[in-house]
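A.B. asks: below: sequence and its predicted model.
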Amino acid sequence: MVVDTKVAHGAAKVVMPGVKLAPGREVLLCGVLCKAPVPRNQPPEPPVVVPPPPVAGFSADVEHAPSWSEDSDGESEEGIVWDPMPGEKPGERLQRLAHNTKVHTQAEKSSRLAAENAELDARKDPGRVPDGLGVVKIHGRYERSNEFWGFIEGRTYYSRLSNNVFAGSLAPMAAKFEQDNDGEFQVPVTRLYSHIPRGFPMNPFQVTRIQRFYRDKKETDKQRIQAFCLFEAFVRIAHAHRDVLHDRAMQEAARIDAQSIYNYVPLKHKEALWVWDPMPHDWDRALNPNRDNRTKGAGLVQPEGHHDLQIDQWAKYFIHHTRPTSNNPIGGLVMTHAHHLHRRSVWGYLLGRALSP
């Protein structure tokens, strides 16, 4: 076979019978580097790629350091084999694996805490107040109005000065204070209002927080009852509004079954804690027909005889003086919590009143 011989100063052709070399293969014969010729139509052999050695400490297909136990004989709890390092002693190997496990555990913990904090920050965001729900400006900042267009019932008190809602024994105290004084009722320093500053939840996190509060037996009895009354009123209001008027806190409350709230009523066996003073009423303002007096009366008197069947005149009077939760409600009138009065029910009441002897 004819092969090419390469020397320092040139090349020559040597015939070597009985010697077979692969095309392009080099061999050293008698100090001469010989290379077999490559046929014209045959491509050269591809180069041999040697993979890099695996990372010392574990196999090449391991992306992170798994947990490890001493009695695993080189195999982790997850089934991944740890490669020993060259010249490493058994004690050093145990120390290295324990360190890698600690670093991996700390990294997982940091990642988990970061995800939990991000989720918590998202739940504390009140979001945008939907159009039509109502906003108020308190201390230079706009927020959702907790009056809810009159949906607040008689057992709770809404302060228009602070946008706070009070319930339980605190409601009549706040109402009387703001009725007798020009300033707003100062929120007491309690754990309930430290967690829920407005009384009503303003974000999804506070919805969960107030629900846990009245179930926590470590809290005081009065604050647990106040929290339950506030939570019950807020869930009822959320269910009474349409979905387009729900902010993020109301969306969270609307997912709760309104009837399931009464499955757990705190301290229901202690009836004395559920009795408190009635809400005060400003009767001069409600009954005085003078529009220009200093008591700022409603200015609406009972319609006269020639207005017996005028629906709008009577409807205004009913809304001001005979609405639900007042001291003199009229049975048979259909009225929503937002004080929207159904005209047909007014007509039926007036017709029955006119035909009565």
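C.D. replies: Nice, thanks for sending it over.

A.B. asks: this protein: strands as residue ranges?
C.D. replies: Listed in chain order, the strands of the chain (DSSP state E) span 2-7, 10-15, 26-29, 32-35, 135-138, 141-144, 156-158, 165-167.

A.B. asks: quick one: mean pLDDT over stretch 135-149.
C.D. replies: On average, the pLDDT along stretch 135-149 is 89.

A.B. asks: low pLDDT regions in the protein?
C.D. replies: For the chain, the stretches with pLDDT under 70 are 1-83, 154, 281-300, 305-307, 325-327, 338.

A.B. asks: mind listing the helices for it?
C.D. replies: Secondary structure of the chain (DSSP state H): helices at 90-123, 170-180, 191-195, 204-215, 221-240, 248-254, 283-287, 311-321, 343-355.

A.B. asks: helices or strands next to the last one in the packing?
C.D. replies: When contacts are defined as 3 or more C-beta pairs under 8 Å, 6 or more residues apart in numbering; DSSP states H and E, helix 343-355 packs onto helix 311-321. From N, CA and C alone the C-beta is placed, and that goes for glycine too.

A.B. asks: in a markdown table, list the helices of the chain along with mean neighbour count.
C.D. replies: Below are the helices of the chain laid out as a markdown table (neighbours: other C-beta atoms under 10 Å):
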| stretch | mean neighbour count |
| --- | --- |
| helix 90-123 | 12 |
| helix 170-180 | 18 |
| helix 191-195 | 16 |
| helix 204-215 | 19 |
| helix 221-240 | 21 |
| helix 248-254 | 21 |
| helix 283-287 | 12 |
| helix 311-321 | 17 |
| helix 343-355 | 14 |
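
A.B. asks: next, the contact list for Asn163, please.
C.D. replies: With contact taken as C-beta atoms under 8 Å, 6 or more residues apart in numbering, Asn163 is in contact with Val136, Ile138, Glu143, Ser145, Asn146, Arg198.

A.B. asks: show me the contacts for the second one.
C.D. replies: Under the criterion of C-beta under 8 Å, 6+ apart, the contact list for Ile138 reads Ser162, Asn163.

A.B. asks: ok, so what distance separates it from Ser162?
C.D. replies: 7 Å (C-beta to C-beta, to the nearest Å).

A.B. asks: for the last one, same thing?
C.D. replies: From Arg198 across to Ser162, the span is 8 Å (C-beta to C-beta).

A.B. asks: and the two? Which one has more around it.
C.D. replies: Counted by other C-beta atoms under 10 Å, Arg198 and Ser162 do not tie: Ser162 has more neighbours, with 22 against 19.

A.B. asks: right, and Ala227 touches Phe213 too?
C.D. replies: Yes - Ala227 is within contact range of Phe213, at 4.6 Å (criterion: C-beta atoms under 8 Å).

A.B. asks: mind listing the shared neighbours of these two?
C.D. replies: Common neighbours of Ala227 and Phe213 (criterion: C-beta under 8 Å, 6+ apart): Leu192, Ile196, Glu219.

A.B. asks: one step back: Leu113: which of the contacts of Asn163 is nearest?
C.D. replies: Arg198 (28.9 Å; C-beta to C-beta).

A.B. asks: the closest one and Phe166, how far apart?
C.D. replies: Taken as C-beta to C-beta, the span from Arg198 to Phe166 is 10 Å.

A.B. asks: repeat that for Ile138.
C.D. replies: For Ile138, the distance to Phe166 (C-beta to C-beta) stands at 16 Å.

A.B. asks: and for Ser345?
C.D. replies: Distance, Ser345 to Phe166, using C-beta to C-beta: 32 Å.

A.B. asks: ok, Lys222 next?
C.D. replies: Distance from Lys222 to Phe166, counting by C-beta to C-beta: 12 Å.

A.B. asks: likewise Asp221?
C.D. replies: Distance of Asp221 to Phe166, given as C-beta to C-beta: 17 Å.

A.B. asks: swap in Arg112?
C.D. replies: The gap separating Arg112 from Phe166 is 39 Å, by C-beta to C-beta.

A.B. asks: can you add distance to Asp131 and give the helices of the chain back as TSV?
C.D. replies: Putting the helices of the chain into TSV (distance: least, C-beta to C-beta, whole Å) gives the following:
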stretch	distance to Asp131
helix 90-123	23
helix 170-180	29
helix 191-195	29
helix 204-215	20
helix 221-240	17
helix 248-254	14
helix 283-287	32
helix 311-321	24
helix 343-355	27
